[in-house]
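In: pasting the sequence and the predicted coordinates here, then a few questions.
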Amino acid sequence: METIEISRMTYIDLESVCEIERTVFPRPWTRSMFEHDLARSGYTFYVVARILSPSTDTRAPASRVGRGVLKHWRASLQAGRAGRIVGYGGMLRVGGEGRISTLAVDPAYRNRGIAKALMLTMAKWAIKSGIQWLTLEVRRSNLVAQNLYKKFGFYKVAVRKGYYSDNNEDAIVMWTGDITSPNYKKLLEKTGRSLNINIIERIEGLVETDL
């Protein structure tokens, strides 16, 4: 059984993250967009999933960096992260709402439960952080992603016509309702038990008993 480590995304992870981003999305985020969100760590929660293996990526962030970027990059080096990054996810906190901003898995590593594991960690962090609802937007044609989100209690609440500018595709807006309820925690427990991979969560302040 594979072992996946899930940890906070850091600046040193961004080259791998952006490589997956360019592979998966027709309008990929730029490195600076990820850097911007990582710099707002009080309002954002970004994680990466690694298959544990040696890593040699110790290059510094892009030249357009500030003091905060370099600080986090050095922290990444000190943490000694290792392993191939195969997926990532991100969430923005807006009041009591957690907005899932991105979720992606390297196509070569799909159908192994990695996206589900990332979603599980983000949902647990949201509950731990006092967030009450989760929401996201997903392409109308992306039924695989919609089915994944339904497993985390998301349901359709609205449609944004022509939301995606690359092909004018509609966005389905999905919502969870109250994630602090006992029933939602039972849903996460059930989803966690369905995973067929070993998960190591290295998230400060987040442990298995948080469910």
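Out: Perfect, thanks for sending it. Numbering: from 1, shown residues only.

In: Tyr99 - nearest residue in space that isn't next to it in sequence?
Out: You called it Tyr, but residue 99 is Arg. Leaving out its chain neighbours, the residue that sits closest to Arg99 by C-beta to C-beta, 6 or more residues apart in numbering is Leu92, at 4.6 Å. Bear in mind the C-beta positions are built from the backbone N, C-alpha and C, glycine included.

In: the nearest residue to Asp178 once chain neighbours are set aside: neighbouring residues, count only.
Out: Nearest non-adjacent residue to Asp178, counting by C-beta to C-beta, 6+ apart: Gln132, 5.9 Å away. A total of 16 residues lie near Gln132 under the criterion other C-beta atoms under 10 Å.

In: now do Trp175
Out: Around Trp175 there are 16 residues (other C-beta under 10 Å).

In: do Ala171 as well
Out: There are 18 residues near Ala171, going by other C-beta under 10 Å.

In: that one: what secondary structure?
Out: strand (DSSP: H, G, I helix; E, B strand; the rest coil).

In: pLDDT score for it?
Out: At Ala171, the model reports a pLDDT of 97.

In: just checking, it touches Val138?
Out: Yes - taking C-beta atoms under 8 Å as the definition, Ala171 is a contact partner of Val138 at 6.8 Å.

In: list the buried residues in stretch 164-171.
Out: 164, 169, 171 (16 or more other C-beta atoms under 10 Å).

In: what residues does it touch?
Out: 26-27, 137-141, 159-163 (C-beta atoms under 8 Å, 6 or more residues apart in numbering).

In: could I get those in TSV, plus columns for pLDDT, neighbour count and distance to Ala49?
Out: Listed next are these as TSV, based on pLDDT from 0 to 100; neighbours: other C-beta atoms under 10 Å; distance: C-beta to C-beta, whole Å:
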residue	pLDDT	neighbour count	distance to Ala49
Pro26	91	11	22
Arg27	91	9	23
Glu137	97	17	22
Val138	97	21	19
Arg139	96	16	22
Arg140	96	15	26
Ser141	96	13	25
Val159	97	12	30
Arg160	97	13	28
Lys161	97	9	33
Gly162	96	10	32
Tyr163	95	16	27
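
In: all set, thanks.
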